[in-house]
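Asks: Coordinates only, no sequence provided:
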């Protein structure tokens with residue numbers, strides 16, 4: 001991989017960059033860094049691949065119960081855009097959700113995924129730019145990241161322009177996700193909105 005993050009080996013992916021008339025997959029460089037915006041303490045995690053597996057490993061380290069927040073910011077199926085919050089879950093329930101929707105979550109860009117632990121005062125956010133933001137026990141999370149081969153670093157710049165891909169192959173999965181739990185729904189936050197009508 002060069003510093004542009006250019007790799008094209010998966011037929012379906014969620015984030016791309018424009019190379020002339022072609023869209024190519026964008027991947028980060030496998031780094032993480034600690035940040036302190038507006039008094040917050042967090043990690044910016046930029047995995048090259050296997051984001052879902054990393055989310056699973058990080059969530060497994062957090063005390064339960066856990067809550068999933070599925071943020072649907074773009075729909076190909078005319079579903080209501082919004083934040084869909086699960087009831088409190090055991091890790092086994094989180095594991096089942098991630099396993100069932102692994103390909104959809106990993107290869108399609110219509111959503112963000114959060115996992116939260118009240119007991120651990122921790123939140124993991126996998127956003128549409130394939131960055132994972134971690135809040136909470138950052139020393140523990142950093143240790144897991146190092147064990148997974150990620151290294152401290154500043155990461156590569158997100159390409160400008162870049163593209164988010166929404167694949168018709170996953171339209172059924174979008175519908176099934178929204179029926180998986182008894183979600184509590186709320187409107188998108190301003191920062192969640194992908195495309196503004198204004």
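Replies: Sure thing, it's come through. These numbers were taken from a predicted model, which means no experiment stands behind them.

Asks: shouldn't residue 76 be in contact with residue 110?
Replies: Yes: the pair residue 76 / residue 110 is scored as a contact, 6.9 Å apart, by Cβ atoms under 8 Å. Any C-beta I mention is one placed from the backbone N, CA and C, and that applies to glycine too.

Asks: Who has more neighbours out of these two?
Replies: residue 110 (25 against 13; other Cβ atoms under 10 Å).

Asks: shared neighbours of residue 76 and residue 110, which are they?
Replies: Listed contacts common to residue 76 and residue 110 are 166, 174; contacts here mean Cβ atoms under 8 Å, 6 or more residues apart in numbering.

Asks: Please, which helix or strand holds residue 67?
Replies: strand 66-72 (DSSP states H and E).

Asks: Remind me what that strand packs against, helices and strands.
Replies: strand 82-85, helix 91-100, strand 111-117, helix 171-178 (3 or more Cβ pairs under 8 Å, 6 or more residues apart in numbering; DSSP states H and E).

Asks: now the first one: mean pLDDT?
Replies: Taken as a whole, strand 82-85 has a mean pLDDT of 98.

Asks: Quick check, central residue of the protein?
Replies: Nearest residue to the geometric centre of the chain (Cα atoms, centre = their mean): residue 126, 2.2 Å.

Asks: Going along the chain, name the helices of this protein.
Replies: Here the chain has its helices, by DSSP state H, at 51-60, 91-100, 102-107, 138-147, 171-178.

Asks: okay, now residue 90: neighbour count?
Replies: By other Cβ under 10 Å, neighbour count at residue 90 equals 11.
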